[in-house]
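# Here is the input, now give the coordinates:
(chains A and B)
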Amino acid sequence: MRYLLLKKANFDDFISSLAQIEKVVAPVSRGYNSFSFAEVKSGKEITLKYIPTVLPPKKYFMPQREKLTEFNKAENSVEAILEYEKMVIFGVHTCDLAGIQCLNIVFSDKPKDINYLVRKNKLVIIGLECNDYCDQYASCKVVDNHLPNGGYDLFFTELDDSFIVHVNTGLGEEIVEKTRLFIPNDQEHLNKLEAIRARKREIFKEEVNVKHKDLVTLFNDKAFESKVWEDLDKRCVACGNCTAVCPTCYCFDILDNINLDLNTGDRTRRWDSCQTEPFAKVAGGENFRKTRGMRQRHRYFRKFRYPAERYSRYFCTGCGRCTRTCMAKISLKETVNALAAEQKYKK
Amino acid sequence: MKKAKLTDSEYLVKTGKILRTKQMTKLEKYFEIALPGGENLEHEPGQFVMVSVPGVGEAPISISSSPTKRGSFELVVRKAGKVTGVLHTLETSDTVGIRGPFGKGFPTQILEGNDLIFVAGGLGIVPLRSLINFVIDNRRDFGKVDILLGCKTPQDMLFGEEVDEWSKRLDVNFSCTVDRADPEWKGNVGLITSLIPGVTLDPERTFGVVVGPPIMYKFVIIELLKKNIPERQILVSLERHMKCGVGKCGHCQIQNYYCCKDGPVFTYDQIKDKKEAL
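You can find the predicted model right below:
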């Protein structure tokens, strides 16, 4: 589509006028080095330089709790429902854009998940470029998410006194129209954008001792038997933090709730975690992933091998959240490096 | 927050009316269920449905009847948790929610014209019965049929009368064993694996269909391989606790397979290298 410019002096106006049209959520500070996506009314509330939020924007696409059906026992009726809210999500980093793309793929895989697909189309996504690394936990380069790969309506890159904005969709154009704050850019701005990208190609280096294309082969049958999982088995506390904060973890449980009238209620899906002990248990009492090591192994294989086979992409976005949040200091980069060392992998 | 009604949600349930129940053992209860207007479930043998009670929850249950049975279908529910516990309290003319059928069942078109050896252990008879009865109802379309059945004690035997019928048929070979006998028991005593060596079969044209607890698969498959049945001609049906049934929720995942979508029926060839499968 096209590029436009938004002066930083107009950023606050942009957010507040947008917030008058639609609910706007954006990264806000929650104390030292802690950020979350939350509703904002003005640009001042937004922290533009932020490390990945505690929860990724997946919480808007696949809410932690989501009603699927509502029932009335006396009337013997069941209705499938969708609860949604129109929203503009501002400030989504490239890692999280990739996470949303992963979820899109999963939920549009047949049979399609109507709840997800309808809700997703009620959300406008405005991306925001990271001009530099956020911290030592990120590994976005090795999974090729340090530069934008689509998945947004508008994409902001910060220049000196302005943002250069890539307008990617009709929805993006609508926002440009409605807010009336964008101005045409010059070649100079495109040159600056290219300079930022060129610098990023320099400073973003594969963060692990494995090349992008070799990650899938690293997670081979031999890796399944690796000592690495025995180490994680001793350290993991099975809290499920890593899966809750992961932008591509989408496992869920389905539970019924009954209201106080003991007649009406709903069937709700709720985020679940493959790291918890009962996750793969069956009625006969058998547990197919009974140890923490087995469950951690499952998590890693679900990021680097199974989706690579099924969808030809890694389900790790390199955001680093699992490492940042782990109470046992289990590090994704260290795990990958340990596997590489064990297999005497040479980059 | 806005709310919309969905008519094409995968989570919409049909109302299943219970036509008949029977307490089979202390833990297993039989249900015959009809969909509204006598609509056929149109399942393949080996598929499953999600059965639910509003306010309690949903559980995946194998379909035990053959699709040749029209107008209603049959389930056997083991009392194992909250949902199945409440299902056990339901009786004739009560209703349940039904979603499905889900999953890949037994490949009846591939099996047609071939010899079959069925090996069922314990509750394995429940899903396998859908295929056995399908084969019996279309008996002409299949070659030699052997049915091997095993359970812990004679009291644990499910579908006793029907099993008796099978044993009397001239067009199937039937044998049965229990781990522990009682004084009235006249059949074999011992593990189900002990029945396999005695079966004569042509491995080239025989499909082994095995359903039972995880531990049984390991030993039965060894015996079938000893008979030279090719790995891709050994079929198994795997148990997992599906929550969605449509390949999303992750609970039933076996490495890169979703048991609910890619299974529950797999060839041994497909799963032999998948750790965590058996």
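
# Check whether residue A:61 really touches residue A:99, as I assumed.
No - using Cβ atoms under 8 Å, residue A:61 is not in contact with residue A:99, being 9.1 Å away. C-betas here are computed from N, CA, C, even on glycine.

# okay, those two: which has more neighbours?
residue A:99 (30 against 21; other Cβ atoms under 10 Å in any protein chain shown).

# Grab the nearest non-local neighbour of the more buried one.
Nearest non-adjacent residue to residue A:99, counting by Cβ to Cβ, 6 or more residues apart in numbering or on different chains: residue A:247, 2.7 Å away.

# Neighbours of that neighbour, how many?
30.

# Got phi/psi on it?
phi -70, psi -10 (degrees, to the nearest 10).

# Over to residue A:39?
Phi and psi for residue A:39, reported as degrees, to the nearest 10, are phi -70, psi 140.

# Please name the bridge partners of it.
Taking DSSP bridges, one obtains residue A:25 as the residues bridged to residue A:39.

# Which residue ranges make up the domains of chain B?
B:14-102, B:108-237 (automatic domain parsing).

# a markdown table for those domains, including distance to residue A:311, mean neighbour count and mean pLDDT?
A markdown table is the format used below for these (distance: least, Cβ to Cβ, whole Å; neighbours: other Cβ atoms under 10 Å in any protein chain shown; pLDDT from 0 to 100):
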| stretch | distance to residue A:311 | mean neighbour count | mean pLDDT |
| --- | --- | --- | --- |
| domain B:14-102 | 21 | 19 | 97 |
| domain B:108-237 | 26 | 18 | 94 |
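
# closest to residue B:243 out of those?
Among the domains of chain B, domain B:14-102 comes nearest to residue B:243, with 7.5 Å by Cβ to Cβ.

# Look at the residue nearest to residue A:99 and report its pLDDT.
pLDDT for residue A:247: 98.

# I'd say it and residue A:97 touch.
No - Residue A:247 is beyond contact range of residue A:97, at 9.3 Å (criterion: Cβ under 8 Å).

# Just confirm residue B:59 is within a strand.
Yes - under DSSP: H, G, I helix; E, B strand; the rest coil, residue B:59 sits within a strand.

# about what we covered before: switch the domains of chain B over to a markdown table; also include distance to chain A.
Putting the domains of chain B into a markdown table (distance: least, Cβ to the nearest Cβ, whole Å) gives the following:
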| stretch | distance to chain A |
| --- | --- |
| domain B:14-102 | 4 |
| domain B:108-237 | 6 |
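
# Same list, those, but as TSV with distance to residue A:209 please.
Output for the domains of chain B, formatted as TSV (distance: least, Cβ to Cβ, whole Å):
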stretch	distance to residue A:209
domain B:14-102	42
domain B:108-237	37
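
# so which strand or helix has residue A:242?
helix A:241-245 (DSSP states H and E).

# so what strands line up beside the helix or strand just after that helix?
Counting by DSSP H and E, the element after helix A:241-245 in chain order, helix or strand, is strand A:252-258. Strands that pair with strand A:252-258, judged by DSSP bridges, come out as strand A:264-271 (antiparallel).

# buried set for the strand it pairs with?
Buried residues in strand A:264-271, counted by 16 or more other Cβ atoms under 10 Å in any protein chain shown: A:264, A:265, A:266, A:267, A:268, A:269, A:271.

# of all those, which comes closest to residue A:280?
residue A:271 (16.4 Å).

# Quickly list what that closest one is bridged to.
Under DSSP bridges, the beta-bridge partners of residue A:271 are residue A:252.

# I'd assumed residue A:254 was in contact with it.
No - at 11.5 Å, residue A:271 does not count as touching residue A:254 under the criterion of Cβ under 8 Å.

# Can you name the residues that contact the spatially most central residue of chain A?
Residue closest to the average C-alpha location in chain A (Cα atoms, centre = their mean): residue A:247, at 2.8 Å. If you count contacts by Cβ atoms under 8 Å, 6 or more residues apart in numbering or on different chains, residue A:247 has them with A:56-58, A:95-96, A:98-100, A:102-103, A:317, A:319, A:321.

# Narrow those residues to those in helices?
A:58, A:95, A:96, A:98, A:99, A:100, A:102, A:103, A:321 (DSSP state H).

# Neighbour-wise, which one of these leads?
The residue in the ones in helices among the contacts of residue A:247 with the most neighbours, by other Cβ under 10 Å, is residue A:99 (30 neighbours).

# Tell me the residues of the stretch 101-250 of chain A that contact chain B?
A:106, A:107, A:109, A:111, A:112, A:113, A:114, A:115, A:118, A:221, A:224, A:250 (Cβ under 8 Å from any Cβ of the partner chain).

# For the fifth one, give me phi and psi.
Main-chain torsions, residue A:112, degrees, to the nearest 10: phi -70, psi 150.

# And the closest residue to it other than its chain neighbours, how far from residue B:261?
The shortest distance from residue A:112 to any non-neighbouring residue, by Cβ to Cβ, 6+ apart, is to residue B:10 (8.0 Å). From residue B:10 across to residue B:261, the span is 12 Å (Cβ to Cβ, to the nearest Å).

# what's the answer for residue A:98, then?
Distance, residue A:98 to residue B:261, by Cβ to Cβ: 25 Å.

# which residues touch the closest residue in space to residue B:6 that isn't next to it in sequence?
Counting by Cβ to Cβ, 6+ apart, the nearest residue to residue B:6 once its immediate chain neighbours are dropped is residue A:80, at 4.2 Å. Counting by Cβ under 8 Å, 6+ apart, residue A:80 makes contact with A:68, A:69, B:5, B:6, B:7, B:9, B:11, B:12.
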